[in-house]
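> below: sequence and its predicted model.
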Amino acid sequence: MTTVWQVTHSGALQAWIASLKLKGFDTDRKLAHAAGLSESAFSRQIKAGKLGVKPLLKLALATGEPATLVLEKAGKHDLAALIESCYGAPRPVPPAIRDVVSVLERHPDLAPIVANLVKDLVVARPEPGQSGTPPLVPQAAASDTRLLTPAPKRKARA
């Protein structure tokens, strides 16, 4: 079965959208839904090479990509430049942060623990001009032993 992406001409936007298939948007229906369009409208706009600004921004939001990057890939350079002039260039998200976010998406029960650890690490940072390094395990976070204490061993049944 031929998909929308096999029919369209090559380009930066199409390559990016094709890469989304590896990130959970594995069907045209999911992509269309993320863009806020029906599958047929999405297909028509992609085939015509005229995906609108609103669907592009919705795709950027759904994928976590900077809006200016998505607009650039769609050939909307003037709009991307205007947004950057208003709000500044997007800052890249370090891979380690993406990994933490990915784990938190799979295990939301860990979010309060991680939030406290991050807060304590920020509070424990030395002021500019002071020497020293923050402790490996901040004091306030040490009170939450769920991450630090191994699970108790169970007694074997007789």
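Ah, there it is.
> surely Val100 and Ala111 touch.
No - under the criterion of CB atoms under 8 Å, Val100 makes no contact with Ala111, lying 10.2 Å away. Where C-beta positions appear, they are placed from N, C-alpha and C, glycine not excepted.
> show me the domain layout of the chain.
4-87, 95-142 (automatic domain parsing).
> return the most buried member of these.
domain 4-87 (a mean of 16; mean count of other CB atoms under 10 Å).
> and the gap between Arg106 and Ile46?
Plainly put, Arg106 is 31 Å away from Ile46 if you go by CB to CB, to the nearest Å.
> my bad, Pro92
27 Å.
> residue ranges with poor pLDDT in this structure?
1-10, 121-158 (pLDDT under 70).
> can you give me the helices in it?
Assigned by DSSP state H, the helices in the chain fall at 4-7, 12-20, 28-35, 39-48, 53-63, 67-73, 77-87, 95-106, 111-124, 139-142.
> what comes into contact with the third one?
Contacts of helix 28-35 with the rest of the structure, by CB atoms under 8 Å, 6 or more residues apart in numbering, involve 3-5, 17, 20, 24-25, 38-39, 41-43, 51, 55-56, 58-59, 62-63.
> then the fifth one?
With CB under 8 Å, 6+ apart as the test, helix 53-63 has contacts from 17, 20, 23, 25, 31, 34-37, 42, 45, 65-67, 69-71, 74, 76, 79.
> correct me, but Ala74 touches Leu51?
Yes - using CB under 8 Å, Ala74 is in contact with Leu51, at 6.0 Å.
> now do the shared contacts for those two.
Joint contacts of Ala74 and Leu51 (CB under 8 Å, 6+ apart) are Leu13.
> who's in contact with Ala111?
Counted by CB under 8 Å, 6+ apart, Ala111 has contacts Leu104.
> switch the cut-off to 10 Å
Applying CB atoms under 10 Å, 6 or more residues apart in numbering, one finds that Ala111 lies in contact with 103-105.
> with Phe42 instead?
4, 28-29, 31-36, 51, 55, 59.
> Gly24 too?
30, 34, 62-63.
> next one: it from Leu59, what distance?
13 Å.
> next: Asp28.
13 Å.
> likewise for Pro112?
From Pro112 to Leu59 the distance is 31 Å (CB to CB).
> nice, that's everything, thank you.
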